[in-house]
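Visitor: Sharing a model prediction with you, sequence too.
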Amino acid sequence: QRQLVESGGGSVQTGESLRLSCTASGRLFRSYVLGWFRQPPGKEREFVAAVGWSGGEPYYSEFAQGRFDVSRDNTENIVYLQMNNLKPEDTAVYYCAADRYVTAMTSYKPGAFLDVWGQGTLVTVSS
């Protein structure tokens, strides 16, 4: 069974950092692009960052570039999202996702299909 499980969410103050983890099960991890999305309160889900199966150059949304860092550990089947200098507008439920194609993530539109989604983890940033 293919499964993604996120962890590491919580409440922080403006300017602080947080690292999210997503553990992938089975053969899913080896050949898929893994990425992060978020859904702020009352808003639609949006792409945050993604990294290919072999690592390589990651992909970031404009708001994540320079503050967030995505990486993966193929040995442990984990993908990370390091979030620095957090702002109140980063408050959201953060979801891990997997798909064969990076464009499915970088060009994501709300409601679009991706192969696997995690259950989400809440990040709250207070001022």
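Guide: That came in fine, so what should we check first? Numbering: from 1, shown residues only.

Visitor: Give the full set of residues in contact with the most far-flung residue of the chain relative to its centre.
Guide: Of all residues in the chain, residue 127 sits farthest from the chain's C-alpha centroid, using C-alpha atoms, centre = their mean; the distance is 22.8 Å. Remark: with contacts taken as C-beta atoms under 8 Å, 6 or more residues apart in numbering, residue 127 is in contact with 13, 14, 88. C-beta coordinates here come from the backbone N, C-alpha and C atoms, glycine included.

Visitor: Which positions within stretch 114-127 qualify as buried?
Guide: Neighbour-count burial for stretch 114-127 flags 114, 116, 117, 118, 120, 121, 123, 124, 125 (criterion: 16 or more other C-beta atoms under 10 Å).

Visitor: how near is the fifth one to residue 8?
Guide: According to C-beta to C-beta, to the nearest Å, residue 120 and residue 8 sit 12 Å apart.

Visitor: what's the overlap in contacts for the two?
Guide: With C-beta under 8 Å, 6+ apart as the test, residue 120 and residue 8 reach no residue in common.

Visitor: And the contacts of the helix or strand bottoming out on mean pLDDT in the chain?
Guide: In the chain, the helix or strand scored least confidently by mean pLDDT, DSSP states H and E is helix 28-31, which has a mean of 72. For helix 28-31, the external contacting residues (C-beta under 8 Å, 6+ apart) are 2, 3, 4, 53, 74, 77, 98, 100, 116.

Visitor: Please repeat the previous calculation with a cut-off of 10 Å.
Guide: For helix 28-31, contacts defined as C-beta atoms under 10 Å, 6 or more residues apart in numbering pick out 1-4, 22-24, 34, 52-54, 72-74, 76-79, 98, 100, 115-116.

Visitor: What remains of those if I keep only buried residues?
Guide: Among the contacts of helix 28-31, those classed as buried by 16+ other C-beta under 10 Å are 4, 22-24, 34, 52-53, 72, 77-79, 98, 116.

Visitor: Quick one, which of those residues has the minimum pLDDT?
Guide: The lowest pLDDT within the buried ones among the contacts of helix 28-31 belongs to residue 53, which sits at 78.

Visitor: quick one, what contacts that residue?
Guide: 29, 30, 31, 32, 33, 34, 72, 74, 98, 100, 102.
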